[in-house]
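Q: sequence and computational prediction follow.
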Amino acid sequence: GFPRTLGQAEALDGICQLDLVISLNIPFETLKDRLSARWVHPASGRVYNMDFNPPHTQGIDDLTGEPLVQQEDDKPEAVAARLRKYKDAAKPVIELYKSRGILHSFSGTETNKIWPYVYTLLSSKIPPVLSDEEN
């Protein structure tokens, strides 16, 4: 997400005025598990997730048959450190938007369960885009 730090939030204030901020509260372990399950094909950048988008053959890119790698920052220890750092940096950003009354938080572990609530909020704030046929 963006902004991740108070400095970024202040810079963003200089170029636009936000009237809605969404925060997704996902348990630490869920995030760690999802990020740690990520493997990539270095040459193409194709990303696989061993839990919900695995390659046909474990450790092998579907298109080229070349080996997949896990990037250093996707290893469980690195993910845990990144998440702790993010939490510390993001806390003042969350407090800023909360104090402005524009923060909307959603909690959960599954996209398909959180998304309907986010969609309802967004639909109440943004007019629907109509196709040419509907105009």
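A: Received it, and whenever you're ready, just let me know what you need. Numbering: from 1, shown residues only.
Q: give me the low-pLDDT residue ranges for the protein?
A: For the chain, the stretches flagged by pLDDT under 70 are 131-135.
Q: just the helices in it please.
A: Ranges of helices in the chain, per DSSP state H, are 6-13, 28-36, 76-99, 111-125.
Q: packing partners for the second one?
A: Under the contact criterion of 3 or more CB pairs under 8 Å, 6 or more residues apart in numbering; DSSP states H and E, the helices and strands touching helix 28-36 comprise helix 76-99. (Each C-beta comes from the backbone N, C-alpha and C, glycine too.)
Q: what angle do the helix it packs on and helix 6-13 make?
A: Angle of helix 76-99 versus helix 6-13, following axes from the mean of the first three to the mean of the last three CA atoms, to 10 degrees, is 50 degrees.
Q: contacts for helix 76-99, please.
A: Residues outside helix 76-99 that contact it (CB atoms under 8 Å, 6 or more residues apart in numbering): 1, 3-6, 8-9, 18, 21, 23, 28, 31-32, 35-36, 72-73, 103.
Q: hang on, residue 103 packs against residue 21?
A: Yes. Under the criterion of CB atoms under 8 Å, residue 103 makes contact with residue 21 at 5.0 Å.
Q: quick revisit: of the contacts of helix 76-99, just the buried ones, PyMOL syntax please.
A: Listed next is the PyMOL selection for buried residues among the contacts of helix 76-99, using 16 or more other CB atoms under 10 Å:
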select buried, resi 3+9+21+31+32+35+36+103
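Q: ok so, going back, tell me which of the helices of the chain sits nearest to residue 60.
A: The stretch from these with the least distance to residue 60 (CB to CB) is helix 28-36; that distance is 19.1 Å.
Q: what angle separates the closest one from helix 76-99?
A: Using the same axes, to 10 degrees: helix 28-36 against helix 76-99 is 120 degrees.
Q: off-centre distance for helix 28-36?
A: On the basis of CA atoms, centre = their mean, to the nearest Å, helix 28-36 sits 12 Å off its chain's mean C-alpha point.
Q: thanks again, I'm all set now.
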